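A.B. asks: can't give you the sequence, but here's the structure:
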Ligand SMILES: NC(=O)c1ccc[n+]([C@@H]2O[C@H](COP(=O)([O-])OP(=O)(O)OC[C@H]3O[C@@H](n4cnc5c(N)ncnc54)[C@H](OP(=O)(O)O)[C@@H]3O)[C@@H](O)[C@H]2O)c1
């Protein structure tokens, strides 16, 4: 149940998913502490301050994931915390520890420690499908689900540092929850897209821009299905408000292949030079409509892929990110 006036913190509130979550929380009557990395940078703050309800019920806090004191200040006085802040770099990573692993893993532990110290009642951690795949040893005849975990050694060998950062951060969160008795619940979103609120694009929207520009990069290791920004934000709120929600929650409109997604973009937008891919880009990934059954059972009705693509592309056009 939405609790009018309840104070919650959203780390990474300035980001593409974070902004949608802040918007929906404000719409539901919550008071929100949203964190940004630089309060003086208007590209992180202005779009949040412009949200309906922000003037009365939004407070912005500057945090660094490696600075415990800054995080404790942001979560103090909050009943709940949504931990989204984490670097998202899927291109070349020169210093994995510094760029990805430390902020993801130590940052998550800092947020959970601060939440425990501040007496927060529930923390929703934003993990990823990157903590579910790549998982090459998963049985070929079983649909991948919340029971499936990314293969850590495989990621190290292939230099998949983002996947490693999300997997180790989620594992650290579960260990912390068990050891310290903190109520933690996790959302594992697929590739998140839709209308963009901030003035900057996140990695998944940049992926869509590259597809529209005719790039043939493959994101198989990073793709398990798409999901609308709004649905990811709703999923966070549902698992926060529903005390019976527990464990991990795969959050995709359907489990699909990267090639399926590219083909759908090509079909809807023939005016762009989208390069179609082979039919089965991820032969080891079994497709299913109800991969996110746990969230559907909580009442989430997912926006389908076609509408996600249309709303995302129209937003890219209207905001001038593509012509
Ligand atoms: N996009 C997807 O498809 C997808 C899929 C699955 C999971 N996720 C997860 O969803 C979360 C949000 O991602 P997003 O797509 O919204 O990305 P985004 O737009 O790049 O947002 C990332 C957020 O994290 C903050 N952040 C990054 N490093 C930080 C640090 N060292 N200290 C404090 N804050 C830091 C950023 O702050 P600034 O704005 O100040 O830089 C920003 O608010 C991440 O945990 C990501 O792994 C994303």
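C.D. replies: Cool, got the structure. Fair warning: this is a prediction, and the values are worked out from it, not measured in the lab.

A.B. asks: what are the ranges of the helices in this structure?
C.D. replies: 16-27, 42-49, 54-57, 68-75, 96, 107-118, 152-158, 161-180, 203-212, 229-241, 258-268, 293-297, 305-318 (DSSP state H).

A.B. asks: okay if I get the ones you listed as a markdown table plus mean pLDDT and distance to the ligand?
C.D. replies: C-betas here are computed from N, CA, C, even on glycine. Output for the helices of the chain, formatted as a markdown table (pLDDT from 0 to 100; distance: least, Cβ to the nearest ligand atom, whole Å):
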| stretch | mean pLDDT | distance to the ligand |
| --- | --- | --- |
| helix 16-27 | 98 | 4 |
| helix 42-49 | 98 | 5 |
| helix 54-57 | 98 | 16 |
| helix 68-75 | 98 | 9 |
| helix 96 | 95 | 14 |
| helix 107-118 | 98 | 6 |
| helix 152-158 | 97 | 15 |
| helix 161-180 | 98 | 6 |
| helix 203-212 | 97 | 3 |
| helix 229-241 | 98 | 8 |
| helix 258-268 | 97 | 12 |
| helix 293-297 | 98 | 14 |
| helix 305-318 | 98 | 11 |
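
A.B. asks: of all these, which lies closest to residue 145?
C.D. replies: Nearest to residue 145, of all those, is helix 293-297, at 8.5 Å by Cβ to Cβ.

A.B. asks: buried set for that closest one?
C.D. replies: Using 16 or more other Cβ atoms under 10 Å as the test for burial, helix 293-297 gives 294-295.

A.B. asks: kindly state the beta-bridge partners for the nearest residue to residue 80 once chain neighbours are set aside.
C.D. replies: Spatially, and ignoring its direct neighbours in sequence, residue 80 is nearest to residue 8 (4.3 Å; Cβ to Cβ, 6 or more residues apart in numbering). On the basis of DSSP bridges, residue 8 is bridged to residue 32, residue 80.

A.B. asks: all further residue positions should be reported with the first residue as 455.
C.D. replies: Got it, first residue is 455 now, which makes that one residue 462.

A.B. asks: so what's residue 491 up against?
C.D. replies: 468, 498, 516-518 (Cβ atoms under 8 Å, 6 or more residues apart in numbering).

A.B. asks: neighbour count added to these, as CSV?
C.D. replies: Formatted as CSV, those follow (neighbours: other Cβ atoms under 10 Å):
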residue, neighbour count
468, 28
498, 23
516, 17
517, 28
518, 16
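
A.B. asks: neighbours of residue 580, how many?
C.D. replies: Residue 580: 29 surrounding residues under other Cβ atoms under 10 Å.

A.B. asks: just checking, it touches residue 474?
C.D. replies: No - look at residue 580 against residue 474 with Cβ atoms under 8 Å: they stay out of range, at 11.9 Å.

A.B. asks: joint contacts of the two?
C.D. replies: In contact with both residue 580 and residue 474: no residue, using Cβ under 8 Å, 6+ apart.

A.B. asks: number of nearby residues for the nearest residue to residue 525 once chain neighbours are set aside?
C.D. replies: In this structure, residue 525 finds its nearest non-sequential neighbour in residue 568, 4.5 Å apart by Cβ to Cβ, 6+ apart. Residue 568 is flanked by 25 other residues according to other Cβ under 10 Å.

A.B. asks: I'd say residue 568 and residue 521 touch.
C.D. replies: No - the pair residue 568 and residue 521 fails to qualify as a contact (Cβ under 8 Å) at a distance of 10.5 Å.

A.B. asks: could you list which of the contacts of residue 491 belong to strands?
C.D. replies: In strands, judged by DSSP state E, the following of the contacts of residue 491 are found: residue 516.

A.B. asks: contacts only, for the residue nearest to residue 525.
C.D. replies: Taking Cβ under 8 Å, 6+ apart as the test, what residue 568 contacts is 522, 525-526, 528-529.

A.B. asks: mind redoing it with 10 Å?
C.D. replies: 463, 465, 517, 522-530, 532, 535, 574, 577 (Cβ atoms under 10 Å, 6 or more residues apart in numbering).

A.B. asks: from the residues you listed, which is closest to residue 589?
C.D. replies: Once Cβ to Cβ is applied, the member of the contacts of residue 568 that ends up nearest residue 589 is residue 577, at 25.2 Å.

A.B. asks: shouldn't the closest one be in contact with residue 640?
C.D. replies: Yes - at 9.4 Å, residue 577 counts as touching residue 640 under the criterion of Cβ atoms under 10 Å.
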